[in-house]
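*Asks:* My questions are about this predicted structure, shown below with the sequence.
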Amino acid sequence: MNATFDFDRYDRIRPIRWTGDALELLDQRKLPFQVEYVRCGTSDEVAAAIHSLTVRGAPAIGIAAAWGVVLAGMKIEAADGAEAARKLEAPMQRLNDARPTAVNLAWALARMRRVLGAAGPDWRDVIAREAQAINDEDLAANRRMGALGAALIAPDSGVLTHCNTGSLATAGFGTALGVIRAGVAQGRIDKVYAGETRPWLQGARLTVWELQQDGIEPTLIADSAAAHLMKTGAVQWVVVGADRICANGDTANKIGTYQLAIAARHHGVRFMVAAPSSTVDMATPNGDAIHIEERDPGEMFAIGGVRTAAHDIGAWNPVFDVTPHELIDAIVTEQGVIERPDAAAMKAAFGG
Ligand SMILES: CSC[C@H]1O[C@H](OP(=O)(O)O)[C@H](O)[C@@H]1O
């Protein structure tokens, strides 16, 4: 990233605000047409906000859950961190159970448990500092990933992205969208395509809105137009985020990612996954072991409260899928770039 890169120009959105005694969440169910914050005063309110996608995005739900633990800590008495950890285990489990696929949620809660276990009478300050550290580390990681990922993209490239991986999904700047922000700023990317990302429309509602805040004009496409777009030669990279990257490089991400990878390989378009190391899960051997969240089929029947499907029908609504590592050209984390990821490359990079 060049020294004069203006992060502030590309990072005005704050989906998570800690007030000192509550967590304010930008309600992503209502964007882009309403910009409203939801106030969470308890950890269970944070868990409900995670489950309802009021706050969403793998890193963002981990950060929100960490602050949820701090909120739970305000409601109990404990002499030290070990006693607090015992009393907070139930609310932490409810935070953990809010969504199953993104490893960042469990990862953040494991960090909170770890510091709690070692904390003394000042355990409340310790967990508040840890929640802030998780947030700040994510922001720094995204800015580093932006530089590393953008460097892979040749000037004058077209890029297609999927879902939302920007400031709304993280502590700021974004993962895949951070790569795109950096690539646009450096003149490497001159055309950004965003897939609408049915059924929840993270692309059409969130990514397009985020990029407009930056002065970047994306082109929205229907999810079903992606392969045709690649066939035209308009894009050189597909750049996406991740919810869980396994020990062999298999990657869970928003539903529709897998078919983008298949089409990209068929058309000679390179495929990049950008995610912080907090999304890497070396304890999960491969994509077959990932719990794919299935959500209420009702999310497929209406948009903005307007029904779009016939009545009295069934539906299947898995909201993630797994891209096998063989279809991924590069995994970019803040620790570096893994080209042609496989188990050996992942082990060399992350141990385990
Ligand atoms: C940097 S966000 C990663 C990931 O999270 C999103 O899922 P959701 O909107 O359901 O929380 C999407 O899969 C993004 O790629």
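*Replies:* Structure's in. What do you need?

*Asks:* so what's the residue lying closest to P121 once chain neighbours are set aside up against?
*Replies:* Closest residue to P121 apart from its sequence neighbours, by C-beta to C-beta, 6 or more residues apart in numbering: D80 at 5.9 Å. (Glycine included, C-beta is placed from N, CA and C.) Going by C-beta atoms under 8 Å, 6 or more residues apart in numbering, D80 touches A119, G120, P121, W123.

*Asks:* Check the residues you listed and tell me the two furthest apart.
*Replies:* Based on C-beta to C-beta, the longest span within those runs between A119 and P121 and measures 8.2 Å.

*Asks:* who's more crowded, these two?
*Replies:* Using other C-beta atoms under 10 Å as the criterion, A119 and P121 rank with A119 on top: 20 against 12.

*Asks:* my read: the more buried one touches A84, true?
*Replies:* Yes: contact criterion C-beta atoms under 8 Å: A119 and A84 qualify, at 7.4 Å.

*Asks:* which residues are common contacts for those two?
*Replies:* Counting by C-beta under 8 Å, 6+ apart, no residue touches both A119 and A84.

*Asks:* P318: how many residues sit nearby?
*Replies:* Per other C-beta under 10 Å, the neighbour tally for P318 reads 11.

*Asks:* just to revisit the earlier point, read off the pLDDT value for the residue nearest to P121.
*Replies:* pLDDT for D80: 98.

*Asks:* Next up, phi/psi of it, please.
*Replies:* Backbone torsions of D80, given as degrees, to the nearest 10, read phi -150, psi 180.

*Asks:* just so I have it, where are all the helices in the stretch 151-300 of the chain?
*Replies:* 176-185, 208-213, 226-231, 257-267 (DSSP state H, counting those that start in this stretch).

*Asks:* okay, those, which one's buried deepest?
*Replies:* With neighbours defined as mean count of other C-beta atoms under 10 Å, those peak in mean count at helix 176-185, which reaches a mean of 29.

*Asks:* which strands and helices sit next to that helix?
*Replies:* Helix 176-185 sits against helix 123-150, strand 157-161, strand 189-195, helix 208-213, strand 237-240, strand 270-274, with contacts defined as 3 or more C-beta pairs under 8 Å, 6 or more residues apart in numbering; DSSP states H and E.

*Asks:* Buried deepest among the ones you listed, which one?
*Replies:* Most buried among the helices and strands packed on helix 176-185, given mean count of other C-beta under 10 Å as the contact rule, is strand 237-240, at a mean of 29.

*Asks:* Show me what it pairs with in its sheet, parallel or antiparallel.
*Replies:* Pairing partners of strand 237-240, with direction, according to DSSP bridges: strand 157-161 (parallel), strand 270-274 (parallel).

*Asks:* In CSV: the contacts of D80, plus distance to the ligand.
*Replies:* Written out in CSV, the entries for these read as follows (distance: C-beta to the nearest ligand atom, whole Å):
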residue, distance to the ligand
A119, 29
G120, 35
P121, 36
W123, 30
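
*Asks:* Can you tell me which of those residues end up in strands?
*Replies:* Counting by DSSP state E, the contacts of D80 place none of their members in strands.

*Asks:* Narrow those to those in helices?
*Replies:* Within the contacts of D80, residues falling in helices by DSSP state H are W123.

*Asks:* so which of the contacts of D80 comes closest to R144?
*Replies:* Checking the contacts of D80 one by one against R144 (C-beta to C-beta), the nearest turns out to be A119, at 29.1 Å.

*Asks:* right, and the helix or strand after the helix-or-strand element of the chain with minimal mean pLDDT?
*Replies:* Every helix and strand of the chain was ranked by mean pLDDT, DSSP states H and E. The lowest is strand 302-303, at a mean of 91. As assigned by DSSP states H and E, the chain's next helix or strand after strand 302-303 is strand 306-307.

*Asks:* ok so, going back, redo the contacts of D80 as a markdown table? Include pLDDT and distance to M300.
*Replies:* Shown next, in a markdown table, are these (pLDDT from 0 to 100; distance: C-beta to C-beta, whole Å):
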| residue | pLDDT | distance to M300 |
| --- | --- | --- |
| A119 | 98 | 45 |
| G120 | 98 | 50 |
| P121 | 98 | 51 |
| W123 | 98 | 44 |
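
*Asks:* Just give the closest residue to the residue of the chain most remote from its centre, not the sequence neighbours.
*Replies:* The centre of the chain is farthest from one residue, A79, which by C-alpha atoms, centre = their mean lies 35.8 Å away. Leaving aside its sequence neighbours, A79 sits nearest to P121 (C-beta to C-beta, 6+ apart; 6.5 Å).

*Asks:* Verify the stated contact: that neighbour with A82.
*Replies:* No: P121 is not in contact with A82 according to C-beta under 8 Å; the separation is 11.2 Å.
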